[in-house]
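Below are the sequence and a predicted model; questions follow.
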Amino acid sequence: MQKKYRAAVLAFLAALLLVGHLGARLARAVPAFSFAAEQKCIYLTFDDGPSTVVTNRVLDILAEENVKATFFIVGAQIDGREETLRRAVAEGHTLGVHSDTHRYPLIYASDRALLDDIRSCAEHIRAVTGVTPRVYRFPGGGVHRTAQRKLVEREGYRIVDWNAGCGDEEIAGADAARLLEEAKRTSAGKNRVVFLSHDSPHHKETAAALPQIIAYFREQGYEFRAF
Ligand SMILES: [Zn+2]
């Protein structure tokens, strides 16, 4: 009888430990963006802007197509283009922090440098638009920056990577047709697509390809979303 009792107590204690362990894990968990989804959806994202011609052309097309997108902003690009940034907000798009300088040696010099870069860019966006950005994209990509991801998440940002794109930075001299082809290739078989493209000044072909890129994903049954 006593032995039985002891076994029950031990089982109870083991159960308590397990629940406590799971609880602690849940409390520590950071809400992460998942690329898994049952329903087809696409998040169009534009990095390195704003620029005068390309960003406004992109905004024209998004308005015509009634699609909302996310723009990861470079603070140093804002001066002289404040109206473009305000236009993006007024038309319902999301602004995120990309970098203040986009100069890798400066940004990644230390944790302090990274946070200063983020805070400075966020403050610039806030001063011009009144919007406090809540999403972040690492300059040059951040999939392997494990320690720095925690830092950025503690700063209150959701980190947005990508799993498809039009290759407008990678494929030298690509025309609109080639960018569309790359969009199809990189998104094949993916239900939830976070789509990388750029709206800095030399990306006129990205804007030229955008109507066909939107048409393609629409035909494939994707719903367009912004972060
Ligand atoms: Zn960039």
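Received it, and whenever you're ready, just let me know what you need.

shaky segments in the protein?
Applying pLDDT under 70 to the chain flags the ranges 1-33.

For it, which residues are neighbours of the ion?
47-48, 139 (CB under 5 Å from the ion). In short, each C-beta sits where N, CA and C put it, glycine included.

nearest to Thr146, of these?
Pro139 (16.6 Å; CB to CB).

How about the secondary structure of the closest one?
coil (DSSP: H, G, I helix; E, B strand; the rest coil).

residues touching the closest residue to it other than its chain neighbours, list them.
Distances taken as CB to CB, 6 or more residues apart in numbering put Ser99 closest to Pro139, at 4.6 Å, once the chain neighbours are dropped. Neighbouring residues of Ser99 by CB atoms under 8 Å, 6 or more residues apart in numbering: 74-75, 107, 117-118, 121, 139.

any idea how far Arg126 is from Ser99?
Going from Ser99 to Arg126 by CB to CB, to the nearest Å gives 16 Å.

and if you look at Arg178?
Remark: distance between Arg178 and Arg126 (CB to CB) = 37 Å.

neighbour count winner among the two?
More crowded of Arg178 and Arg126, by other CB atoms under 10 Å: Arg178, with 16 against 13.

I'd assumed Ile171 was in contact with the more buried one.
Yes - under the criterion of CB atoms under 8 Å, Arg178 makes contact with Ile171 at 6.3 Å.

In contact with the most centrally placed residue in the chain, which residues?
Nearest to the geometric centre of the chain sits Val160, at 2.9 Å (CA atoms, centre = their mean). Contacts of Val160 were listed using CB under 8 Å, 6+ apart, and they are 33, 43, 45, 70, 72, 96, 135-137, 194, 227.

Could you do Val194 as well?
Going by CB under 8 Å, 6+ apart, Val194 touches 33, 35, 42-43, 45, 160-164.

before we move on, what about Thr94?
68-71, 135, 226-227.

Just to check, Gly165 is in contact with Lys190?
No - contact status for Gly165 versus Lys190: not in contact, 11.6 Å apart, counting by CB under 8 Å.

So for those two, which sits in the more crowded spot?
Gly165 (21 against 17).

Regarding the nearest residue to the more buried one once chain neighbours are set aside, what is its secondary structure?
When the adjacent residues along the chain are set aside, Gly165 lies closest to Leu196, with 3.4 Å between them (CB to CB, 6+ apart). Recorded secondary structure, Leu196: strand (three-state DSSP).

mind listing what Leu196 touches?
Contacts of Leu196 by CB under 8 Å, 6+ apart are 45, 47, 162, 164-166.

just Ile125 next, same as before
73, 75, 78, 85, 95, 97, 131-133.

Show me what counts as buried in the longest strand along the chain.
Determined from DSSP state E, the single longest strand within the chain is strand 41-49. Buried residues in strand 41-49, defined by neighbour count with 16 or more other CB atoms under 10 Å: 41-49.
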